[in-house]
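my questions concern the predicted model and sequence given below.
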Amino acid sequence: MNIAIKRIDIKPQTKWGKLTMKCEIHINDFKETLYPSLDWWDLDDYQLQWQEGLKRLIDHDRSCLVVTIDNPKLRQFIEWWVLYKIDNKIYVRNSIIISDIYTERIGDKPFTTDTCYDFIPDRSELYDEDGNKISEWVVNWEENLKETA
């Protein structure tokens with residue numbers, strides 16, 4: 001599979017002062033270790049969202065994989081990988097939602113495993129505010145579809 005996300009360790013661990021679980025995301029040849037915070041969502045929430053997030057691309061042109069979310073009453077922080085399906089390609093971007101961006105995009109609305117897809121921005125912006133091209137990975141959809149279905 002060209003996009004995969006999974007748990008690595010069996011037991012949670014404390015990292016950065018909070019309970020986390022060591023996980024990994026693979027996009028083509030890229031691999032990154034992740035530490036989802038377990039103070040708002042539990043591991044089952046993440047794994048359910050990851051599974052649904054990949055399957056969602058069968059019928060939708062955008063999806064996401066939430067890799068950590070903090071309790072919004074304590075810290076407004078979300079890290080996620082946003083997925084855009086265009087033609088036979090999936091464009092994958094890593095993104096963080098914090099502070100003003102969180103307030104503007106999410107506000108007081110619930111960000112859950114069901115509603116997270118409502119907050120995915122359009123892919124219309126290809127450059128950041130400094131004029132740099134936004135980094136994204138490109139994955140062949142048909143190869144990923146064989147593994148997802």
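The structure has been received and is ready for your questions.

just the helices in the protein please.
Along the chain, the segments classed as helices by DSSP state H run 43-55, 99-105, 141-148.

highest mean neighbour count out of those helices?
Among those, helix 43-55 has the highest mean neighbour count (mean count of other C-beta atoms under 10 Å), at a mean of 18. From N, CA and C alone the C-beta is placed, and that goes for glycine too.

quick one on the thing from earlier: reformat the helices of the chain into JSON lines and put mean pLDDT and distance to Tyr91 next to each item.
Shown next, in JSON lines, are the helices of the chain (pLDDT from 0 to 100; distance: least, C-beta to C-beta, whole Å):
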{"stretch": "helix 43-55", "mean pLDDT": "96", "distance to Tyr91": "14"}
{"stretch": "helix 99-105", "mean pLDDT": "90", "distance to Tyr91": "19"}
{"stretch": "helix 141-148", "mean pLDDT": "63", "distance to Tyr91": "10"}
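
closest to Lys85 out of these?
helix 141-148 (6.0 Å; C-beta to C-beta).

quick one: the strands in this structure?
3-7, 13-15, 18-20, 23-27, 30-34, 62-69, 77-86, 89-98, 137-140 (DSSP state E).

to Pro121, which of those strands lies closest?
Nearest of the strands of the chain (C-beta to C-beta): strand 77-86, 7.4 Å.

mind giving me the packing neighbours of that closest one?
strand 62-69, strand 89-98 (3 or more C-beta pairs under 8 Å, 6 or more residues apart in numbering; DSSP states H and E).
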